[in-house]
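Colleague: kindly generate the corresponding structure for this input.
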Amino acid sequence: MAEINIDITGLSETLKSLRQYEPDMYKTIVTNLKGSAEPLAREVGSRFPDKPLMRWHEEGGRRGKKKMPPYITAKARGGVKPVFSSGRRAVGREVGILRLEQKDAGGQVYDQAGAQNAGSRFVKNLDKHRAVRSRGNGFRSRILFPATKAKMPMIEQNVRMAIEQTNKLVSERLARGF
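Modeller: You can find the predicted model right below:
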């Protein structure tokens, strides 16, 4: 999956240390980071369409041979959530501390359908009304990636604010002598 990165040196290590030695402060910082990303999540979520295909069911449960999840507009739009990770490194690469994820199954299918099979009729029908086309090769995003990329200044501002809040919390705690 393609990623949008803002490299901050030392933040991951600082958060790991705080999680170990100051769990309350760590929780506060995580809450602040997620909170700062909420407006972005709402903005990106609002870009999911009312009804992507005419016969995509809206009731609960999965239907058909391939067990298609329902596409419910409110759930697809509200399903975009900021997710915090501890910054642990995967083998050979770093993992970001904050990302947006689509938590709704119907929203996930809409956003990423075509990652493995870009030539199917379903994917062609989804692409018919969108500027973004399926490329295959294991990556595909109709909404999350383009909308997030378009909001880079907002993301950078939120990350700066979160870092400033973290610095302030750590400085206050150090001034009090823990």
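Colleague: helix, strand, or coil at the closest residue to residue 48 other than its chain neighbours?
Modeller: Nearest residue to residue 48, sequence neighbours excluded (C-beta to C-beta, 6 or more residues apart in numbering): residue 76, at 4.3 Å. (C-beta placed from N, C-alpha, C; glycine too.) Classification of residue 76 using DSSP: H, G, I helix; E, B strand; the rest coil returns helix.
Colleague: residue 76 contacts residue 109, correct?
Modeller: No. Counting by C-beta atoms under 8 Å, residue 76 does not reach residue 109; the two are 9.4 Å apart.
Colleague: the more surrounded of the two?
Modeller: Counting neighbours by other C-beta atoms under 10 Å for residue 76 and for residue 109 shows that residue 76 has the greater number, 27 against 20.
Colleague: contact partners for the more buried one?
Modeller: Going by C-beta atoms under 8 Å, 6 or more residues apart in numbering, residue 76 touches 45, 48, 102, 104, 106, 107, 110.
Colleague: any idea which helix or strand comes after the particular helix or strand that has the last one in it?
Modeller: Pointing back at residue 110 there. Using DSSP states H and E, residue 110 sits in helix 105-112. Using DSSP H and E, the helix or strand that directly follows helix 105-112 along the chain is helix 121-127.
Colleague: what is the mean pLDDT for the following helix or strand past that following helix?
Modeller: On the C-terminal side of helix 121-127, the closest following helix or strand by DSSP H and E is helix 144-150. Taken as a whole, helix 144-150 carries a mean pLDDT of 85.
Colleague: can you show me the CA trace of helix 144-150 as PDB?
Modeller: Provided in PDB are the C-alpha atoms of helix 144-150 (Å, rounded to 0.1, in the frame of the first residue of the first chain):
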ATOM      1  CA  LEU A 144      -8.500   7.300   1.400                       C
ATOM      2  CA  PHE A 145      -5.100   7.900  -0.300                       C
ATOM      3  CA  PRO A 146      -6.100  10.700  -2.700                       C
ATOM      4  CA  ALA A 147      -8.100  12.600   0.000                       C
ATOM      5  CA  THR A 148      -5.400  12.200   2.600                       C
ATOM      6  CA  LYS A 149      -2.700  13.300   0.100                       C
ATOM      7  CA  ALA A 150      -4.700  16.400  -0.800                       C
END
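Colleague: so which elements touch it?
Modeller: The helices and strands touching helix 144-150, judged by 3 or more C-beta pairs under 8 Å, 6 or more residues apart in numbering; DSSP states H and E, are helix 23-45, strand 98-102.
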